[in-house]
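> make a model of this:
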Amino acid sequence: MKRLMTHALVLLIAFAAPVAVQAYPMDGFDYTDCRRLLYTWRKMHGEVAGPPIPSGAQMLMEDVKPRLIVDNPPPLVMDPDAELSKAIRDAIGPESSEYAVSLLDISDPENPVYAEINGDTRRNVGSVGKMVVGLAWFQALADIYPDDIEARERLMRDTVLTADEFVISDHHKVVLFDPDTNVREFRQIQVGDQGNVWDWMDWMLSASNNAAAAFMQKQVLLLTHFGKAYPPTPEQEAQYFEETTYASRGESFMASMNEPLTRNGMNVDKLRQGSFFTRTGKQKVNGTSSYGNVRELVKYLYLLERGELVDEWSSREIKRLLYMTERRIRYASHPVLVPYGVYFKSGSLYSCKPEEGFKCGKYMGNKINYLASVAIVEGPVPSLDYHYLVAVSSNVLRKNSAVAHQTLALRIHRMIEARHKARMAGIEAARKAAAAADEAAGTEFEVKTPEVPPAPELRTD
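Residues are numbered from 1 along each chain as shown. You can find the predicted model right below:
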């Protein structure tokens with residue numbers, strides 16, 4: 001957390017909590033060579049120490065995918081349902097004017113319902129903007145290899161990148177794991193650290209690491225510039241920065257961030273990542289302001305579930321990168337969501353000024369107190385009885401907004417359950433009938449969970 005102190009003002013800024021929040025299905029190591037995934041797999045199976053993994057976080061790669069891919073899909077209609085919108089407003093209470101909430105319930109895909117309050121309120125959404133960086137990377141990759149998924153996979157897996165000054169500075173930490181020794185470090189990224197593209201994407205989206213995000217923003221610039229010649233040699237990269245100006249790099253950067261949003265049906269007046277996530281990145285590349293509104297963020301999630309963010313492969317991989325497999329925070333941390341698959345991103349920006357009797361703390365600013373959360377919730381695993389997309393932003397001063405978002409997660413979930421009470425009664429009756437029929441036939445009825453694959457082999461090539 002950065003601190004700027006004067007005689008009149010104490011400013012505290014945080015884009016995400018420095019905690020171990022990780023994503024991507026635990027059996028993904030063999031596909032990605034992302035070392036943190038092997039750590040998660042070994043932890044799940046008791047081979048290394050670590051906290052337990054929530055039941056909803058144990059889905060495997062084959063289970064984590066966009067779930068609304070159909071031919072000739074109907075257009076997304078974001079016409080707020082008055083009753084559900086009022087229920088959200090009532091659940092928040094007197095502070096609802098400081099909240100923006102967008103909710104799309106697709107638990108019954110034939111009868112979706114959309115609700116919102118203050119859906120067009122635009123705020124800085126902090127680390128949620130890293131989802132824009134992820135989209136920009138996958139769009140650039142698809143532009144270079146439009147019909148060659150294997151080439152994209154090969155580049156992601158085999159390209160090893162070394163941290164440089166663009167990672168300076170960041171207080172967030174990431175998991176660094178040595179597969180040969182089972183040694184796990186949890187620390188800041190340092191100049192000289194190495195990882196393949198999957199490692200860097202995992203650090204950016206899963207651990208919400210600002211250093212990794214800035215480093216990937218630079219990679220988007222280089223990928224769009226060099227095309228199939230990416231990755232450039234150190235000499236080629238140095239030449240690029242010598243031959244371009246601060247302003248021209250800024251123009252290229254803004255194009256690389258904005259055009260993927262526009263091409264994928266979103267509005268850059270409603271969602272934009274306008275600057276780098278580290279001080280050095282801002283010094284090297286010109287930028288502008290960043291913001292988002294909840295309506296556009298839910299549209300992002302909906303396009304992902306439709307498999308239409310770039311293409312089906314890209315949508316699937318972004319969804320996997322957002323799948324929470326370890327500690328859950330803020331909106332995603334309420335116990336009611338433990339058995340659910342949760343795909344999540346959060347960001348905060350808060351600041352404090354002197355005030356008698358008030359003690360500033362994380363997510364409790366008295367000048368500004370922005371917190372944004374976006375989530376796809378599906379489950380409970382292994383069933384998929386409920387499926388909804390939600391985005392929340394708030395600016396409630398002096399209150400712990402992380403706790404407030406957690407509480408709102410419970411209330412929204414109870415609303416979803418209430419909406420589907422009759423439908424779920426029918427599903428439960430059908431399940432009991434099937435169990436009775438199996439029992440009469442002398443067979444045992446059970447809901448089977450996916451079989452956990454054997455441990456992946458380490459690559460030696």
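> how much space separates Met266 from Lys130?
Per Cβ to Cβ, to the nearest Å, Met266 is found 16 Å from Lys130. The C-beta positions use only the backbone N, C-alpha and C, and glycine is treated the same way.
> tell me the buried residues in stretch 45-56?
If you call a residue buried by 16 or more other Cβ atoms under 10 Å, then stretch 45-56 has these buried ones: 48, 50, 53-56.
> run through who's touching that stretch.
26, 39-40, 42-44, 182, 184, 324-328, 337-342, 379-381, 452, 455 (Cβ atoms under 8 Å, 6 or more residues apart in numbering).
> give me the low-pLDDT residue ranges for the stretch 1-150 of the chain?
Low-confidence segments of the stretch 1-150 of the chain (pLDDT under 70): 1-23.
> and the helices in the stretch 1-150 of the chain?
Shown for the stretch 1-150 of the chain, the helices assigned by DSSP state H, counting those that start in this stretch span residues 29-32, 35-44, 82-92, 130-144, 149-158.
> out of the ones you listed, flag the one nearest Asn395.
Proximity to Asn395 (Cβ to Cβ) singles out helix 82-92 among those, at 12.6 Å.
> who does that closest one touch, helix- and strand-wise?
strand 99-105, strand 113-117, helix 401-419 (3 or more Cβ pairs under 8 Å, 6 or more residues apart in numbering; DSSP states H and E).
> which parts of that helix are buried?
Within helix 82-92, the residues scored as buried using 16+ other Cβ under 10 Å are 84-85, 87-89, 91-92.
> again, but for stretch 415-426
Using 16+ other Cβ under 10 Å as the test for burial, stretch 415-426 gives 415-416, 419-420.
> quick revisit: can you redo the helices of the stretch 1-150 of the chain as CSV with distance to Val191?
Listed next are the helices of the stretch 1-150 of the chain as CSV, based on distance: least, Cβ to Cβ, whole Å:
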stretch, distance to Val191
helix 29-32, 24
helix 35-44, 19
helix 82-92, 44
helix 130-144, 20
helix 149-158, 22
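> so which of those is nearest Ala332?
Closest among those, once you apply Cβ to Cβ, is helix 130-144, at 14.7 Å.
> return the most buried member of the helices and strands packed on helix 82-92.
Most buried of these, by mean neighbour count (mean count of other Cβ atoms under 10 Å): strand 99-105, with a mean of 25.
> rewinding a little: make CSV from the helices and strands packed on helix 82-92 and add distance to Ala430 to it.
Listed next are these as CSV, based on distance: least, Cβ to Cβ, whole Å:
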stretch, distance to Ala430
strand 99-105, 21
strand 113-117, 23
helix 401-419, 18
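> hang on, the earlier thing: do you know which of the helices of the stretch 1-150 of the chain lies nearest Leu176?
By Cβ to Cβ (comparing all of the helices of the stretch 1-150 of the chain), the closest turns out to be helix 35-44, at 7.6 Å.
> how much space between the spatially closest residue to Leu37 that is not a sequence neighbour and Val174?
Once flanking residues are discounted, Leu37 sits nearest to Phe29: 4.3 Å by Cβ to Cβ, 6 or more residues apart in numbering. According to Cβ to Cβ, Phe29 and Val174 sit 16 Å apart.
> also Asp79?
If you go by Cβ to Cβ, the gap between Asp79 and Val174 works out to 41 Å.
> the residue nearest to Leu37 and Trp198, how far apart?
Using Cβ to Cβ, Phe29 is found at 9 Å from Trp198.
> ok, now Ala115?
Per Cβ to Cβ, Ala115 is found 36 Å from Trp198.
> which element is Ile376 on?
Using DSSP states H and E, Ile376 sits within strand 368-379.
> off-centre distance for that strand?
9 Å (Cα atoms, centre = their mean, to the nearest Å).
> likewise for stretch 410-422?
Stretch 410-422 has its C-alpha centroid displaced from the chain centroid by 24 Å (Cα atoms, centre = their mean).
> can you give me the mean pLDDT across that stretch?
For stretch 410-422, mean pLDDT rounds to 95.
> who's in contact with it?
Taking Cβ under 8 Å, 6+ apart as the rule, stretch 410-422 contacts 84, 87-88, 91, 101, 103, 105, 107-108, 113, 334, 336-337, 377, 385-386, 388, 390, 424.
> please apply the same query to stretch 209-221.
So stretch 209-221 is contacted by 15-16, 127, 130, 133-134, 136-137, 140, 161, 163-164, 166-170, 172-174, 188-189, 197, 200-201, 203-204, 249, 252-253, 256-257, 276-278, 280-281, 284-285 (Cβ under 8 Å, 6+ apart).
> could you give the mean pLDDT of it?
Mean predicted confidence for stretch 209-221 is 97.
> how about stretch 288-299?
For stretch 288-299, the mean pLDDT works out to 97.
> report the buried residues of that stretch.
By 16+ other Cβ under 10 Å, the buried positions in stretch 288-299 come out as 290-299.
> mind listing which of the residues you listed are in helices?
Among the buried residues of stretch 288-299, the members falling in helices (DSSP state H) are 294-299.
> one step back: want to throw the buried residues of helix 82-92 into CSV with distance to Asn366?
Output for those, formatted as CSV (distance: Cβ to Cβ, whole Å):
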residue, distance to Asn366
Leu84, 32
Ser85, 29
Ala87, 30
Ile88, 26
Arg89, 24
Ala91, 24
Ile92, 20
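> about what we covered before: who has more neighbours, Met266 and Lys130?
More crowded of Met266 and Lys130, by other Cβ atoms under 10 Å: Lys130, with 28 against 22.
> surely that one and Met204 touch.
Yes: counting by Cβ atoms under 8 Å, Lys130 does reach Met204; the two are 5.5 Å apart.
> give me the number of residues near Thr233?
Thr233: 9 neighbours (other Cβ under 10 Å).
> repeat that for the one 5 residues further on.
Each residue near Ala238 was counted by other Cβ under 10 Å, and the total is 11.
> what pLDDT does the model give it?
pLDDT, read off for Ala238, is 97.
> spell out which helix or strand contains it, please.
Judged by DSSP H and E, Ala238 forms part of helix 234-243.
> quick one: list the elements packing against that helix.
Going by 3+ Cβ pairs under 8 Å, 6+ apart, helix 234-243 lies up against helix 210-226.
> please put the alpha-carbon coordinates of the helix it packs on into PDB.
What follows is helix 210-226, C-alpha atoms only, in PDB (Å, rounded to 0.1, in the frame of the first residue of the first chain):
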ATOM      1  CA  ASN A 210       0.100  -5.400 -10.000                       C
ATOM      2  CA  ALA A 211       3.700  -6.200 -11.100                       C
ATOM      3  CA  ALA A 212       2.500  -9.100 -13.200                       C
ATOM      4  CA  ALA A 213      -0.400  -6.900 -14.700                       C
ATOM      5  CA  ALA A 214       2.000  -4.200 -15.700                       C
ATOM      6  CA  PHE A 215       4.400  -6.700 -17.200                       C
ATOM      7  CA  MET A 216       1.600  -8.300 -19.200                       C
ATOM      8  CA  GLN A 217       0.500  -4.900 -20.400                       C
ATOM      9  CA  LYS A 218       4.000  -4.400 -21.800                       C
ATOM     10  CA  GLN A 219       3.700  -7.900 -23.400                       C
ATOM     11  CA  VAL A 220       0.500  -6.900 -25.100                       C
ATOM     12  CA  LEU A 221       2.300  -3.900 -26.600                       C
ATOM     13  CA  LEU A 222       5.200  -6.100 -27.800                       C
ATOM     14  CA  LEU A 223       2.900  -8.800 -29.100                       C
ATOM     15  CA  THR A 224       0.800  -6.300 -31.200                       C
ATOM     16  CA  HIS A 225       4.000  -4.700 -32.500                       C
ATOM     17  CA  PHE A 226       6.100  -7.800 -33.300                       C
END
